[in-house]
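Trainee: fold the following and give me the result.
(one chain, ligands or ions: 1)
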Amino acid sequence: MSRPSADPAAALRPRLPSPLQEVRDARFDRHGVRLLLKRDDLAHPEIPGNKWRKLVPNLRAAAAEGRGTLVTFGGAYSNHLRATAAAARLLGLRAVGIVRGHELAGRPLNPSLARCAADGMRLSFVDRATYRRKGEPGVVADLLAGLGLASGDVYVVPEGGSNALAVHGCAELGRELERELPAAVGTVAVACGTGGTLAGLGAGRRALGFPVLKGDFLEGEVRGLQRAAFGGPAGDWRLDGRFHCGGFARTTGELDAFAEEFEDRHGLPVERLYVAKMLYGLGVLAREGAFAPGTAVAAVVTGPPEPGAAHGA
Ligand SMILES: Cc1ncc(COP(=O)(O)O)c(C=O)c1O
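Mentor: Residues are numbered from 1 along each chain as shown. Next comes the predicted model:
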């Protein structure tokens, strides 16, 4: 294993700025609204979308501190765990994934975790009660000690990769959009899990977040992340919480039909846990007249479909 590369972003050779693609879609056309897709899913083949935006500032910090082991957290289908595993492999770092669900330890790995393991990530399964307490320094220290890791070599990235550095990385996405969007774009939309992407994106321009989890905790989370990153509230953002479709990884017949039709029509694989819900929500908002005729909406495609997904390319 080598020490972290001094400039991980350069070593990983991203495709940035990511492409901006206009799609003609009757759901928007009939209301005089243009739909632009910010194809951040194409920014890097293995560290796509908001994973790139959030991880790179953390990889830079790990390099600056001379840490050779990335430790992070996620559920069994976490896009973030996969991206961290890939980044570690590409940069010659060690990676440890703390996975929610002790019961998974004895089972065959699902395609997402199998990809992490193939990239060399060491997986450690913990019970849900411990996992919930992963924000407590003492709990993390115990987990690291249990894994025999020397804390001086470890760089801890939080669940979903969302911390103050990640928010700054996502603010760069906002600046990139600012440089390339036509003036007609009123709203930039993004799907939200932990809220880190919206906290950065929304700091510089008007942004609309679509939570994919149930509950009304997210506004507080985004505020907290903005406080950590910028010292206080920033920008002009809001959430529309109507499109979680039952909660994380839940779906409805209408959402599935929408995503399949969108894929067929535009030849674009649609990630189902986040991106589909945002695009579906935007279609409903267009129907409700939320966007003035003659304006455009930009939707951030934050990632590609997960490995093993039955749909998409
Ligand atoms: C594809 C995709 N889109 C959006 C999000 C939500 O990002 P955040 O957790 O920053 O709200 C995630 C989760 O990290 C994701 O994997």
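
Trainee: so how many other residues sit close to the residue of the stretch 1-150 of the chain found nearest the ligand?
Mentor: The nearest approach of the stretch 1-150 of the chain to the ligand comes at Asn79, 3.6 Å away (C-beta to the nearest ligand atom). All C-beta atoms are positioned from the backbone trio N, CA, C, and that covers glycine. A count of nearby residues for Asn79, using other C-beta atoms under 10 Å, gives 25.

Trainee: and it, how far is that from Gly235?
Mentor: 25 Å (C-beta to C-beta, to the nearest Å).

Trainee: show me where pLDDT drops low in this structure?
Mentor: Filtered on pLDDT under 70, the chain yields the residue ranges 1-6, 308-313.

Trainee: show me where it has strands.
Mentor: All strands of the chain, identified by DSSP state E, fall at 20-23, 34-38, 69-74, 94-100, 122-126, 154-156, 185-192, 206-211, 236-239, 296-300.

Trainee: in CSV: these, plus mean neighbour count and distance to the ligand.
Mentor: Below are these laid out as CSV (neighbours: other C-beta atoms under 10 Å; distance: least, C-beta to the nearest ligand atom, whole Å):
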stretch, mean neighbour count, distance to the ligand
strand 20-23, 15, 17
strand 34-38, 22, 12
strand 69-74, 25, 9
strand 94-100, 22, 14
strand 122-126, 18, 19
strand 154-156, 20, 17
strand 185-192, 24, 4
strand 206-211, 24, 8
strand 236-239, 16, 11
strand 296-300, 23, 8
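
Trainee: pipe those strands into CSV and attach distance to Glu288 per row.
Mentor: CSV is the format used below for the strands of the chain (distance: least, C-beta to C-beta, whole Å):
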stretch, distance to Glu288
strand 20-23, 20
strand 34-38, 15
strand 69-74, 35
strand 94-100, 36
strand 122-126, 43
strand 154-156, 42
strand 185-192, 13
strand 206-211, 13
strand 236-239, 15
strand 296-300, 13
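
Trainee: of all those, which one comes closest to Leu165?
Mentor: strand 154-156 (10.8 Å; C-beta to C-beta).

Trainee: what lines up beside the closest one in the sheet?
Mentor: strand 69-74 (parallel) (DSSP bridges).

Trainee: which residues sit against the partner strand?
Mentor: Residues from elsewhere that reach strand 69-74, judged by C-beta atoms under 8 Å, 6 or more residues apart in numbering: 59, 62, 80-81, 84, 87-88, 93-100, 131, 134, 140, 144, 149, 153-161.

Trainee: and what of stretch 274-293?
Mentor: With C-beta under 8 Å, 6+ apart, stretch 274-293 has contacts from 25, 27-28, 31-33, 35, 41, 186-187, 189-193, 210, 212, 240, 242-245, 254-255, 258-259, 262, 270, 297, 299-303.

Trainee: follow-up on the earlier one: burial count for the nearest residue to the residue of the stretch 1-150 of the chain closest to the ligand once chain neighbours are set aside?
Mentor: Spatial nearest neighbour of Asn79, chain neighbours left out: Gly303 (5.7 Å); criterion: C-beta to C-beta, 6 or more residues apart in numbering. Look at Gly303: counted by other C-beta under 10 Å, it has 23 neighbours.

Trainee: angles on the backbone of Gly303, please.
Mentor: phi -180, psi 160 (degrees, to the nearest 10).

Trainee: same question, Lys134
Mentor: The phi/psi pair for Lys134 (degrees, to the nearest 10) reads phi -70, psi -10.

Trainee: tell me who's in contact with the spatially most central residue of the chain.
Mentor: Centroid-nearest residue in the chain, with C-alpha atoms, centre = their mean: Asn50, separated by 4.2 Å. Asn50 makes contact with 40, 161, 170, 173, 190, 196-197, 300, 302-303, according to C-beta under 8 Å, 6+ apart.

Trainee: most neighbours of all those, which one?
Mentor: Within the contacts of Asn50, neighbour counts (other C-beta under 10 Å) peak at Thr197, which reaches 34 neighbours.

Trainee: nearest residue to that one other than its sequence neighbours?
Mentor: Nearest non-adjacent residue to Thr197 (C-beta to C-beta, 6+ apart): Asn50, at 4.4 Å.

Trainee: Asp236 now?
Mentor: Excluding its sequence neighbours, the residue lying closest to Asp236 (C-beta to C-beta, 6+ apart) is Arg206, at 4.7 Å.

Trainee: you'd agree Asp127 is up against His102?
Mentor: Yes: the pair Asp127 / His102 is scored as a contact, 4.2 Å apart, by C-beta atoms under 8 Å.

Trainee: pull the contacting residues for the residue nearest to Asp236.
Mentor: Per C-beta under 8 Å, 6+ apart, neighbours of Arg206: 186-188, 235-237.

Trainee: from these, which two are the most distant?
Mentor: Pairwise distances across the contacts of Arg206 (C-beta to C-beta) peak at 14.3 Å, for the pair Gly186 and Gly235.

Trainee: my guess is Val139 contacts Arg133. True?
Mentor: Yes: between Val139 and Arg133 there is a contact under C-beta under 8 Å: 4.6 Å.
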